[in-house]
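Novice: can't give you the sequence, but here's the structure:
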């Protein structure tokens, strides 16, 4: 083989030799790990509705409303209702204040039979639940007892709903 032919052959084979060398020189691999984590915090919110008893005519009035609680899945919670803002009110006997004068007594309960007063002491008279991540409705059962000698006018009160989790 002539020197020129050898030179041509080398030039033709040289790219293939480099291709084989580069493929084998990059065939090694190495692995590592990526640590991934997150923290889900307990979070809750509460909203209340209006409880309207309607017109009082000295006869007992029962009505109900709801409280909506949304808590992170698995989060335990307590819902309490305070005594309201009426003068002399307690959680057992709340008082709506009249637009002219006087008060009109009422009570709020955790059960439809109206036997368990809904208060604000965690572990005693609050309602309990466990969050699902979705809104959960809790019924509030109200009663205005009959036989109250109330002045004519509009009566109202504001009860604070406290969510403890």
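Specialist: That came through, no problem. Remember, it's a predicted structure, so these values are computed and weren't measured experimentally.

Novice: Can you tell me the centre-most residue of the chain?
Specialist: The residue lying closest to the centre of the chain (Cα atoms, centre = their mean) is residue 70, at 2.1 Å.

Novice: and that residue, what does it touch?
Specialist: Contact partners of residue 70, counting by Cβ atoms under 8 Å, 6 or more residues apart in numbering, are 44, 45, 46, 131, 133, 134, 135, 136. C-beta coordinates here come from the backbone N, C-alpha and C atoms, glycine included.

Novice: and the residue nearest to residue 117 when sequence neighbours are not counted, what element?
Specialist: Nearest residue to residue 117, sequence neighbours excluded (Cβ to Cβ, 6 or more residues apart in numbering): residue 92, at 5.3 Å. Of the helices and strands defined by DSSP states H and E, none includes residue 92.

Novice: Doesn't the residue nearest to the centre of the chain belong to a helix?
Specialist: No: assessed with DSSP: H, G, I helix; E, B strand; the rest coil, residue 70 is strand; it does not lie in a helix.

Novice: Could you give the bridge partners of it?
Specialist: Under the criterion DSSP bridges, residue 70 forms beta bridges with residue 45, residue 135.

Novice: residues of the helix or strand hosting residue 47 that come out buried?
Specialist: Residue 47 belongs to strand 44-48 when assigned by DSSP H and E. Buried positions in strand 44-48, judged by neighbour count with 16 or more other Cβ atoms under 10 Å: 44, 46, 48.

Novice: ok so, going back, most widely separated two among the contacts of residue 70?
Specialist: The largest separation in the contacts of residue 70, counting by Cβ to Cβ, is between 46 and 133 at 14.9 Å.

Novice: could you dump the buried residues of strand 44-48 to a markdown table with pLDDT and distance to residue 35?
Specialist: Listed next are the buried residues of strand 44-48 as a markdown table, based on pLDDT from 0 to 100; distance: Cβ to Cβ, whole Å:
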| residue | pLDDT | distance to residue 35 |
| --- | --- | --- |
| 44 | 98 | 30 |
| 46 | 97 | 37 |
| 48 | 92 | 43 |
